[in-house]
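[1] coords below, sequence missing:
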Ligand SMILES: Cc1cc2nc3c(=O)[nH]c(=O)nc-3n(C[C@H](O)[C@H](O)[C@H](O)COP(=O)(O)OP(=O)(O)OC[C@H]3O[C@@H](n4cnc5c(N)ncnc54)[C@H](O)[C@@H]3O)c2cc1C
């Protein structure tokens, strides 16, 4: 580690030299890796234990596949059923380079679109594999009976998502995540029935057990009885989803949190690109202080809906139906004629902010500004008929009507960007192994494939690619060196992990302060949104770091956590999660501060082109920022993984 202390906020450590990807042409790397990975014979698999935390698309698919292979799997989730994981909320679709539409799609094009969409901040090798595996996912899900939308002739239908010019998104109305999760869940249930997977629902992982540098288990709390349990294994997989709820308001399920990842980070797992957050352009706007959750309107709506605001500020109060076309600014179609309403999310979000900052937003004022733009289906209904629109998007329209009381078949929807997805996550190599041997990370919980901006319908693809196809092949190489030396519950590392969980719970319950956990979470969210949200500045980020530090100090002095440890206690659960968000938030701001460039969702106001687009600085920042926990009260350590573009040319992104 070099000793340079950069302004006291972080230190720079050794670069990451190896990502464990095999050498050779990119199109052959994955085949090569699968071949090189040692096999474990079926009789030996029964002697190997794997813990999988998470039962969303990534965790359920990994659990089902490893169970089917014959390993002993222990699967954990904090919901009452694995099929309630947040993946069930996914609406719009899943990408795959099947080229069913014959519109020029290919593995290489999906690879290219994803790297470009991520603003050239993702790793080529992983993204290529994702594109390659995407086609298998659809076959797997169809075989499971996932009811993808079909065309009249019976073939699977496709639609388009942002940042691409082909139709490669498979969907099941606006319920794609639900249908895919039911597929993965039933495969998992089958293994539970077969005895290869043991399910622990209503269990929250609160600590990782690391023995001799290797991940060997977890400490979990039974959320119903409060019992603290130790679970040991030969390898641990985290498939624990994203951390968008650090912003308090987001489209994520209320329970989404960073605790599993953060606990692993504190035990040595690097956290990569924490500042890369996706702000989704089409969400129901914030309407006041009363909300604790925001609702997504799927990006698929941008296939047929047109986005606009009035050209003149004085028209913003008018009934939109009375504003003629010549007085409307279809700003995305105007600025980006090639991609129009289907520009990537980071770009669509920023432009929505720009027109609202310009005083041309619509809907009620929040603070000094109206924060809304129209998403209008008038032309689609004229062209296709209301029934056709209903059959594609019916459940989304119903949801909008129930929340806003307005009928989107008659008046345009009002939408505004909201926090939605986190591209950052635990650093993993080509094998999805973190910097702690034996700890693998899958799905949204890892950082791997989306660079600085994820393209729509690519998260489901990545989660299922990781769980069904990638991890089962790579983890077996690690497991082939096992079973690892047995450890007992009295091992000092196990006792240390258990004591730290119990100590923390005791501490949270004994503070007995005056502010609720939610009050701290909301304040943290406001800081993050204001200073580390859609636009970031050096000054704002420095301020945010100070504010978060003093909020964290107050939290540990003044939080009020009701109830007891030995019973169901949601206040306690939430307190632990918010405590971790208070540490993560600071790291996100440090990461955003150190990255003095704009790329994808990370928009630094100081680094933009003349027409206000994100301006990268490839000379200095073409790397993954992988952060190592520096120790309590010490600065984090930055390890850079240089990004090398062998197959795709680095260019300024353009969707014009
Ligand atoms: C509203 C919405 C719509 C979306 N629509 C799409 C879409 O159309 N297409 C697309 O590609 N993507 C979409 N996304 C993104 C996508 O849904 C997610 O990125 C993806 O589902 C994440 O899956 P996952 O398996 O990684 O994690 P999750 O589904 O979030 O599952 C996390 C699992 O980890 C468990 N867990 C977490 N922490 C702990 C802990 N400490 N202890 C025990 N268990 C724990 C949870 O119980 C859960 O089982 C959408 C996201 C949102 C918010």
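    Yes, it's here. All values derive from a computational prediction rather than experimental measurement.
[2] which ones are touching whatever residue of the stretch 501-650 of the chain ends up closest to the ligand?
    For the stretch 501-650 of the chain and the ligand, the shortest gap (CB to the nearest ligand atom) falls at residue 577, measuring 8.3 Å. (Glycine included, C-beta is placed from N, CA and C.) Counting by CB atoms under 8 Å, 6 or more residues apart in numbering, residue 577 touches 245, 257, 258, 259.
[3] So which of those residues are in strands?
    Judged by DSSP state E, those include no members of strands.
[4] List just the nearest of those to the ligand.
    Nearest to the ligand out of the contacts of residue 577 is residue 259 (CB to the nearest ligand atom; 4.5 Å).
[5] Is the closest one in contact with residue 205, as I believe?
    Yes: taking CB atoms under 8 Å as the definition, residue 259 is a contact partner of residue 205 at 7.3 Å.
[6] Now list whatever residues contact both of those two.
    residue 240.
[7] quick one on the thing from earlier: confidence score at the residue of the stretch 501-650 of the chain closest to the ligand?
    Listed pLDDT for residue 577 reads 98.
[8] Can you point out the helix or strand that includes it?
    helix 570-594 (DSSP states H and E).
[9] Give me every residue in the stretch 301-450 of the chain lying close to the ligand.
    Counting by CB under 6 Å from any ligand atom, the positions of the stretch 301-450 of the chain adjacent to the ligand are 420, 421, 443, 444, 445.
[10] can you list those residues in CSV and add pLDDT, neighbour count and secondary structure?
    Formatted as CSV, those follow (pLDDT from 0 to 100; neighbours: other CB atoms under 10 Å; DSSP: H, G, I helix; E, B strand; the rest coil):
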residue, pLDDT, neighbour count, secondary structure
420, 95, 26, strand
421, 96, 26, strand
443, 98, 33, helix
444, 98, 32, helix
445, 98, 30, helix
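[11] for those residues, which one is nearest residue 329?
    Checking these against residue 329 by CB to CB gives residue 420 as the nearest, at 24.6 Å.
[12] Tell me, how many residues neighbour residue 79?
    18 (other CB atoms under 10 Å).
[13] Would you confirm that it belongs to a helix?
    No: counting by DSSP: H, G, I helix; E, B strand; the rest coil, one finds residue 79 to be coil, located in no helix.
[14] Which pLDDT does the model give it?
    Reading off the model, residue 79 has pLDDT 97.
[15] How about the one 5 residues further on?
    pLDDT recorded at residue 84 is 95.
[16] Kindly report the same for residue 10.
    Looking at residue 10, its pLDDT is 96.
[17] Ramachandran angles for it?
    phi -160, psi 160 (degrees, to the nearest 10).
[18] That one and residue 633: what is the separation?
    14 Å (CB to CB, to the nearest Å).
[19] Which of the two has more residues huddled nearby?
    residue 10 (23 against 5).
[20] give me every residue that touches the more buried one.
    Contacts of residue 10 (CB under 8 Å, 6+ apart): 590, 594, 627, 630, 635, 636, 637, 638.
[21] for residue 512, same thing?
    560, 561.
[22] same thing but 7 Å
    Residue 512 sits next to residue 560 when contact means CB atoms under 7 Å, 6 or more residues apart in numbering.
[23] now the one 3 residues further on
    When the contact criterion is CB under 7 Å, 6+ apart, the partners of residue 515 are 558, 559, 560.
[24] And the second one, how far from residue 516?
    Meaning residue 559. The value you get for residue 559 to residue 516, if CB to CB is used, is 8 Å.
[25] of these two, who's got more company?
    residue 559 (21 against 16).
[26] partner residues bridging the more buried one?
    residue 515 (DSSP bridges).
[27] Of all the residues in the stretch 1-150 of the chain, which one is nearest the ligand?
    Relative to the ligand, the nearest point of the stretch 1-150 of the chain is residue 56 (2.1 Å; CB to the nearest ligand atom).
[28] How many residues are close by that residue?
    37.
[29] and it, what does it touch?
    Neighbours of residue 56 in contact, by CB under 7 Å, 6+ apart: 85, 86, 87, 239, 241, 443, 463.
[30] quick one, strands of the stretch 551-656 of the chain?
    559-560, 623-628, 637-642 (DSSP state E, counting those that start in this stretch).
[31] just the residues of the stretch 101-250 of the chain that are near the ligand, which are they?
    176, 177, 203, 204, 205, 239, 240, 241, 242.
[32] what's the closest of these to the ligand?
    Using CB to the nearest ligand atom, those come closest to the ligand at residue 241, 2.5 Å.
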